[in-house]
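A.B. asks: need a structure here:
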Amino acid sequence: MTLIDGKATSEQIKTEIVEEVKNMLAAGHKAPHLAAVLVGHDGGSESYVAHKIKDCETVGFKSSLIRYEDDVTENELLEKVEELNNDPNLDGFIVQLPLPDHINEQKIIEAINPNKDVDGFHPENVGRMVVGLPGFVSATPYGIVELLKRYKIETSGKHCVVIGRSNIVGRPLSILMSQKEMNATVTVVHSRTEKLKEICADADILIAALGRPGFVTADMVKDGATIIDVGTTRVKSDKTKSGWKLKGDVDFENVAEKCAFITPVPGGVGPMTRVALLKNTLLAAKNR
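C.D. replies: This is a model prediction of the structure:
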């Protein structure tokens, strides 16, 4: 079994980005500038945005953090999005999800200029990805595909099963895996799928992205399969100072011994999601 080290791979990619930024500055261009809009004080969102700001510093990007309390109105947020759309000094920005219930997330996503949508959530960018045109690809699918490439995991002609059909991970990932670059045969399964265990057990590449800790058990995995675990659910733990730990969608301890390749949680897909955002921001700066 080979452990797919997303942390080490992301560090390698950051080193490559640092060199590109140096070349941009040497050519008289500005450093890429990423902004993040954070609403409220959700623990996961706070941590994620803090990591993004630190990542920007590491690779030589400029970063900005814009904070709002939970009671911000939808109109206020839309006005800020429009302001960021029109800021000539800003290459890309994200509005960290989830947002409070009184704000329509899709409305906010659609208000973002597609040329600055480095999260890759805008329908225009999703559409460009579907038909294979250049654009910003959603960070988690982007990071997963990059991991598979860098570990030279064979995907052509392989059966890839994606558990989960979210617009952020499952759907875009299923499309990327089926396109000519990856050439996998893709099955998407979800909560209403019949014979789900049998379908998963036939997968050469199994990608779990449903947000249910330990959902994928050993009897759902074929010997020699590649397992990509996208899950990052906080569960209580008496073994950590914080009182909680991150747990993936895969029962790692019992599944790992059957696999050819597997990602850990944490340290697998998470760091690759963050570095994919940097790659998108770098692309936005080059497009500028």
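A.B. asks: next, count neighbours for residue 259.
C.D. replies: 23 (other CB atoms under 10 Å). Quick note: C-beta positions are derived from backbone N, CA and C, even for glycine.
A.B. asks: OK, contacts around it?
C.D. replies: 1, 221, 224, 225, 226, 227 (CB atoms under 8 Å, 6 or more residues apart in numbering).
A.B. asks: so which of these are in helices?
C.D. replies: The members of those all map outside helices under DSSP state H.
A.B. asks: may I see those arranged in a markdown table, with neighbour count as well?
C.D. replies: Output for the contacts of residue 259, formatted as a markdown table (neighbours: other CB atoms under 10 Å):
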| residue | neighbour count |
| --- | --- |
| 1 | 12 |
| 221 | 25 |
| 224 | 11 |
| 225 | 23 |
| 226 | 26 |
| 227 | 28 |
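A.B. asks: turn these into JSON lines, columns for pLDDT.
C.D. replies: Compiled in JSON lines, the contacts of residue 259 are given as follows (pLDDT from 0 to 100):
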{"residue": "1", "pLDDT": "94"}
{"residue": "221", "pLDDT": "98"}
{"residue": "224", "pLDDT": "98"}
{"residue": "225", "pLDDT": "98"}
{"residue": "226", "pLDDT": "98"}
{"residue": "227", "pLDDT": "98"}
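A.B. asks: tell me which two of those residues sit farthest apart.
C.D. replies: Pairwise distances across the contacts of residue 259 (CB to CB) peak at 11.5 Å, for the pair 1 and 221.
A.B. asks: about what we covered before: and which of the contacts of residue 259 is nearest to residue 128?
C.D. replies: residue 226 (27.5 Å).
A.B. asks: what bridges to the closest one?
C.D. replies: Under DSSP bridges, the beta-bridge partners of residue 226 are residue 205, residue 261.
A.B. asks: pretty sure it contacts residue 261?
C.D. replies: Yes: counting by CB atoms under 8 Å, residue 261 is a contact partner of residue 226 at 4.3 Å.
A.B. asks: spit out the residues that contact those two alike.
C.D. replies: With CB under 8 Å, 6+ apart, residue 226 and residue 261 have common neighbours residue 153.
A.B. asks: so who does the spatially most central residue of the chain touch?
C.D. replies: In the chain, the centroid-proximal residue (CA atoms, centre = their mean) is residue 140; its distance is 1.9 Å. For residue 140, the contacting residues are 168, 169, 173, 209, 230, 269, 272, 273, 276, by CB under 8 Å, 6+ apart.
A.B. asks: which strand or helix spans it?
C.D. replies: Assigning secondary structure by DSSP states H and E places residue 140 in helix 139-150.
A.B. asks: count the neighbours of residue 72 for me.
C.D. replies: Neighbour number of residue 72 under other CB under 10 Å is 18.
A.B. asks: which one is it nearest to, not counting chain neighbours?
C.D. replies: Nearest in space to residue 72, with sequence neighbours left out and distances taken as CB to CB, 6 or more residues apart in numbering, is residue 39 at 5.8 Å.
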